[in-house]
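Peer 1: Okay, here's the prediction I keep looking at, along with the sequence it came from:
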Amino acid sequence: IRSMERNLKLIISSKEFLSEVFPQAVEGKPVKEKAKKVLDQITGAPPSKVSWEYLTKFFRDLSLPEIRRLYSEVEMNLPNKTIAVIDSIEGISSINNIDMNLLTFALHKDLAESSGASLIFVSEKNEPGPEDYITDGVIYLDNKIQEGRRIRNMYLNKLRGIEIFSSNYMFTLKDGKFYVFYPNLNYLKMHGSFEPIKNSEKHYSTGIRDLDEILDGGIEPSYFVLLDIGKDVTRDDYTLITRLMYLNFMHNRMGILYIPPPGANPIKMKEDLCRYIPEDIFFKRFRYMNYTAEESEYPYIVAAGSKDPMKVQQNVIKAMMDVSVDSEAVVHVYSLETLDAVRGYDLTIKDILNAVTTVKSTKDIAIITSQSDDPLKEKIRSVADYHFRIETINNVPVIYGIKPRTIYYIIEVDREKGFPNVKLIPML
């Protein structure tokens, strides 16, 4: 063996080849312990007993009852594989007044390498240590407070033999369970059916039970909502919220007067919503204000791009009447960026104040969406009854309340009911 070690850096062989080189080892005849150990490691033969070599070498005169019991438990479980959690390595080292690095090395050599056990070391420090270099995987768990809201992150620094597609994930400890969040693209293929939620006597349901609970039942009539969207949030992510709102409003006999954000497509929006609601209901209760069209051949698209202001006003009034017929209330959904681009700063302020006045004097509600740093947003915040913000953290969309103030909630496609159903999972 020593001769082979001098001449070869790595031996790759089959058990048949080894049986010719070490026939006495394969047949079970006595050989030197070192040769048998090398042979077992190469051929994958299960160990019959636990090695105490390094524990004895480093801590011969110490009792270490917890560690010695661990060795005994692993040996009693042989030839079955044992998974042992050392929590925490600093705590055990401190209690026994021994060097943590030597203990880690001994456990790794005796239990993992020689006895085939899998070890999970829990460490309470946040900087790399010697154990990082001898282990097969290194995962850091981080807990921080951002503007009074908790964020938990998991960093995959090393997973030997496994490709790491993303090294950073958020997680929560809701209900005492470790729950990891993934980008919602993984769940968009999990199609389900939309289940509408009925309005109560005092609230309009958002179509998302978790959001209704945050709002103590839903959106109150005559209320004004500001939905603030971060610049890095994709349309696919924030429509996880708005899609369910629009569907549920229409299911509850509420009309929608919709001024879209820049880049929206009325045809695609109709196709998206009509997957979950009959077309006749959509045509009756939804009006899409198109400020680039002078004429429209579709009943739900309102041509608001004419150069004749009187014609535009007539079209808008007709759209308002259309969605009001046979509706319990009207939802005014306006994109701040579109209004500002089309109407200008002063007229946008006037339009929004008129909308607030209309809402406050009726059972209607208004939802203003904004995905920019438009200075108008500051003025709107002061009159909004609810102010929610959607952001993206580690490629996962989150929503939180500024008015009322809430913690972070992860927006996730419901893994049981499927898309388009959504759950808001608290970051705890």
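Peer 2: Thanks, I have the structure now.
Peer 1: CA only for contacts and neighbour counts going forward, please
Peer 2: Noted.
Peer 1: Would you quantify the distance from the residue nearest in space to the middle of the chain to Tyr238?
Peer 2: By CA atoms, centre = their mean, the chain has its centre lying nearest to Phe181, at 3.2 Å. Note on Phe181: its distance to Tyr238, by CA to CA, to the nearest Å, is 16 Å.
Peer 1: any low-confidence regions in this structure?
Peer 2: 1-45, 184-189 (pLDDT under 70).
Peer 1: let's go with 80 and repeat that
Peer 2: Residue ranges of the chain with pLDDT under 80: 1-47, 126-131, 183-190, 306-307, 309, 374.
Peer 1: Strands along the stretch 201-350 of the chain, start to end?
Peer 2: For the stretch 201-350 of the chain, strands defined by DSSP state E, counting those that start in this stretch occupy the ranges 224-229, 254-259, 286-290, 301-303, 329-335.
Peer 1: close enough to count as contact, Thr82 and Ile120?
Peer 2: No - counting by CA atoms under 8 Å, Thr82 does not reach Ile120; the two are 11.0 Å apart.
Peer 1: More neighbours: which of the two?
Peer 2: Between Thr82 and Ile120, counting by other CA atoms under 10 Å, Thr82 is the more crowded of the two (19 against 16).
Peer 1: Not counting residues beside it along the chain, what's closest to that one?
Peer 2: Nearest non-adjacent residue to Thr82, counting by CA to CA, 6 or more residues apart in numbering: Ala117, 4.9 Å away.
Peer 1: So which bits of stretch 135-142 are buried?
Peer 2: Using 16 or more other CA atoms under 10 Å as the test for burial, stretch 135-142 gives 135, 138, 140.
Peer 1: ok, Asn354 to Ser222 distance?
Peer 2: 13 Å.
Peer 1: Neighbour count: these two, which is higher?
Peer 2: Between Asn354 and Ser222, counted using other CA under 10 Å, the more crowded position is Ser222 (20 against 12).
Peer 1: For the more buried one, give me its contacts.
Peer 2: Residues in contact with Ser222, defined by CA atoms under 8 Å, 6 or more residues apart in numbering, are 359-366.
Peer 1: okay, how far is it across stretch 383-399, tip to tip?
Peer 2: Across stretch 383-399, first to last residue, CA to CA, it's 20 Å.
Peer 1: again, but for stretch 161-181
Peer 2: 23 Å.
Peer 1: With stretch 77-86 instead?
Peer 2: Criterion CA to CA; first-to-last residue distance in stretch 77-86 is 17 Å.
Peer 1: Only the buried residues of it, if you could.
Peer 2: Those would be 78, 82, 84, 86, for stretch 77-86 by 16+ other CA under 10 Å.
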